[in-house]
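S.K.: curious how this folds, go ahead:
(one chain, ligands or ions: 1)
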Amino acid sequence: MQPENQKSNQERRIPGCVGSVLVFGVPVRFHFTFWLVVVALIVFGAQGKQSAAALTLYISAIFGSVLLHELGHALVARRYSIRTLEIVMLPIGGLARLERSPRAHEEIWVALAGPVVNLVLAGLLFAWLFLTGAPLLPAAWDEITDESLLPMLATANLILAGFNLLPAFPMDGGRILRSLLSRFRPEHEATRTAARIGMGMAAMMGLYGLLALNPFVIFIAFFIYVGAVQESLASQQQVLIRGEKVRAAMITDFRTLDHGATIREAANLLLSTPQQDFPVMTSAQVTGLLTRTALLRAMATEGPDGYVAGAMDRGFGRVSPSTDLADALPLLSGNNSCALVFDDDRLVGLLTTENLSEFLVLREIGNARRRSQAEDL
Ligand SMILES: [Zn+2]
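M.R.: Numbering: from 1, shown residues only. The predicted structure follows:
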């Protein structure tokens, strides 16, 4: 894709993040719940025998390990020319958001990279402990001292690797399983099977959490269950449209606004056409996109005499007609209901969520018709 895509893509990020750093060129953001957990860990952990400094060091090192895990995914994804939009640090771990989902044969390596990082870290730490003759395993929880730092860190990395290798969506293990399954069966079946295994494991884990009265296990089980359902839906959708190009689903009959147009003129167009989002032109160049939401907001704040140029979004999503629909999908996530389709520098269409879902429905009906005709023969 063109650099402009990347710029506008980057703006589409998970809300609720506080603070960000750039690591190996990948933006790392911290969700506000992440900080809550850090504070809680330090407050509760301060009751042990560890010094506050050692405890803080330990917690930072754990999150460092999680971050390195995510960077493992990001760096292998980069090998397949998949950019990482951002890494979001959540209380339950990290989340590397990729520009597009990896193909089945790429996915196994991208998914393996994270747990492998933790295994290598654990291996190095255990090797160091072994060579220096220090105890390999941490003492019991209430016996923890500052000397326990390295064994605890080594064990934590082992647990991180093991937990992420559980063959359950959305864990890395679930992706590895899906990737392996898809060598023997169609991708959507592989996804469904992997998702079912994930939901089954989450249900068992949840049951165990209830019986053992362990809220933490219940929380993790719930997280895995929701993740499995979401992943399954998202990838079913991706599989449905794989192979289709943006060209097939885009709106080619559309209206544009001049950048000197008023909000009133834009509102009239919104009422008189089925269109919701309008490209804004400065002579022959597209300079922005006025979405329905932005139009309504401008109507409320600036009134009908305001100008569209002040309300339009300059960081709109761009795709080319030959882009795979599955790859264009991330542009239509969250608040973004429309992306503009450019052939070189010429605006040739709009890709909207409504149009995309109509395209999918029509395609499904077409497929069903073909199936029933094949059965009649
Ligand atoms: Zn991972």
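
S.K.: and the next helix or strand past the helix or strand bottoming out on mean pLDDT in the chain?
M.R.: Every helix and strand in the chain was compared by mean pLDDT, DSSP states H and E; the lowest is helix 3-10, with a mean of 38. For helix 3-10, the following helix or strand on the C-terminal side (DSSP states H and E) is strand 17-23.

S.K.: give me the mean pLDDT for the next helix or strand after that following strand.
M.R.: Going down the chain from strand 17-23, the next helix or strand is strand 26-31, by DSSP H and E. For strand 26-31, the mean per-residue pLDDT is 83.

S.K.: again, but for stretch 234-246
M.R.: 74.

S.K.: same check, this time on stretch 77-89
M.R.: Stretch 77-89 carries an average pLDDT of 85.

S.K.: contact partners of that stretch?
M.R.: For stretch 77-89, the external contacting residues (CB atoms under 8 Å, 6 or more residues apart in numbering) are 6, 9-10, 12-14, 17, 23, 26-31, 34, 63, 66-67, 70-71, 73-74, 94-100, 102-103, 106, 109-110, 330. Where you see a C-beta, it was placed from the backbone N, CA and C, and this is true even at glycine.

S.K.: okay, which residue is most central for this protein?
M.R.: Centroid-nearest residue in the chain, with CA atoms, centre = their mean: R97, separated by 3.8 Å.

S.K.: surely that residue forms part of a strand?
M.R.: Yes - the assignment for R97 is a strand, going by DSSP: H, G, I helix; E, B strand; the rest coil.

S.K.: list the contacts of the helix or strand where G349 lies.
M.R.: Assessed by DSSP H and E, G349 sits inside strand 346-352. If you take CB under 8 Å, 6+ apart as the criterion, strand 346-352 is touched by 246-247, 249-252, 254, 256, 275-277, 279, 286, 319, 321, 328, 331-332, 337-342.

S.K.: out of those residues, name the ones that lie in helices.
M.R.: Mapping the contacts of strand 346-352 onto helices (DSSP state H) picks out V246, R247, A249, A328.

S.K.: so what does the strand or helix carrying G123 touch, helix or strand wise?
M.R.: G123 is located in helix 104-131, with elements delineated by DSSP H and E. Packing contacts for helix 104-131, counted by 3 or more CB pairs under 8 Å, 6 or more residues apart in numbering; DSSP states H and E, involve helix 52-79, helix 149-164, helix 172-181.

S.K.: leaving out sequence neighbours, find the closest residue to the residue of the chain found nearest the ion.
M.R.: Closest contact between the chain and the ion, by CB to the ion, is at G114 (3.1 Å). Leaving aside its sequence neighbours, G114 sits nearest to H69 (CB to CB, 6 or more residues apart in numbering; 4.3 Å).

S.K.: likewise for L119?
M.R.: A161 (4.8 Å).

S.K.: re earlier: can you tell me the element the residue nearest to the residue nearest to the centre of the chain when sequence neighbours are not counted falls in?
M.R.: Excluding the flanking residues, the one nearest R97 by CB to CB, 6+ apart is L85, at 4.6 Å. Per DSSP H and E, L85 falls inside strand 84-90.

S.K.: that strand pairs with which strands, and in what direction?
M.R.: strand 26-31 (parallel), strand 93-98 (antiparallel) (DSSP bridges).

S.K.: now distance to G349 too, for those strands, in TSV please.
M.R.: Below are the strands paired with strand 84-90 laid out as TSV (distance: least, CB to CB, whole Å):
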stretch	distance to G349
strand 26-31	30
strand 93-98	25
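
S.K.: so which of the ones you listed is nearest T301?
M.R.: strand 26-31 (28.4 Å; CB to CB).

S.K.: tell me which parts of the stretch 51-200 of the chain are close to the ion?
M.R.: Residues of the stretch 51-200 of the chain found near the ion (CB under 5 Å from the ion) are G114, N164, D172.

S.K.: isn't the last one right next to V117, touching?
M.R.: The reference is to D172. No - with contact defined as CB atoms under 8 Å, D172 does not reach V117; the gap is 10.7 Å.

S.K.: comparing those two, which residue is more hemmed in?
M.R.: D172 (27 against 24; other CB atoms under 10 Å).

S.K.: what pLDDT does the more buried one get?
M.R.: For D172, pLDDT reads 89.

S.K.: for the remainder of this discussion, apply numbering that starts at 22.
M.R.: Fine by me, first position is 22 from now on; the one you just mentioned is D193.

S.K.: quick one, which of the helices and strands packed on helix 125-152 is packed in tightest?
M.R.: Greatest average neighbour count among these goes to helix 193-202 (a mean of 24), per mean count of other CB atoms under 10 Å.

S.K.: for D167, give me the pLDDT.
M.R.: Taking D167 on its own, its pLDDT is 67.

S.K.: for L140, that is, sorry about that
M.R.: 96.

S.K.: now do L372
M.R.: The model's pLDDT for L372 equals 92.

S.K.: host element of S122?
M.R.: Residue-wise, S122 maps onto no helix or strand under DSSP H and E.

S.K.: for it, what are phi and psi?
M.R.: phi -80, psi 140 (degrees, to the nearest 10).

S.K.: so who does G115 touch?
M.R.: V87, L88, H90, E91, I108, V109.

S.K.: in contact with the closest residue to it other than its chain neighbours, which residues?
M.R.: Spatial nearest neighbour of G115, excluding adjacent residues (CB to CB, 6+ apart): E91 at 3.8 Å. Residues near E91 by CB under 8 Å, 6+ apart: V49, I108, G115, L116, A117, G135.
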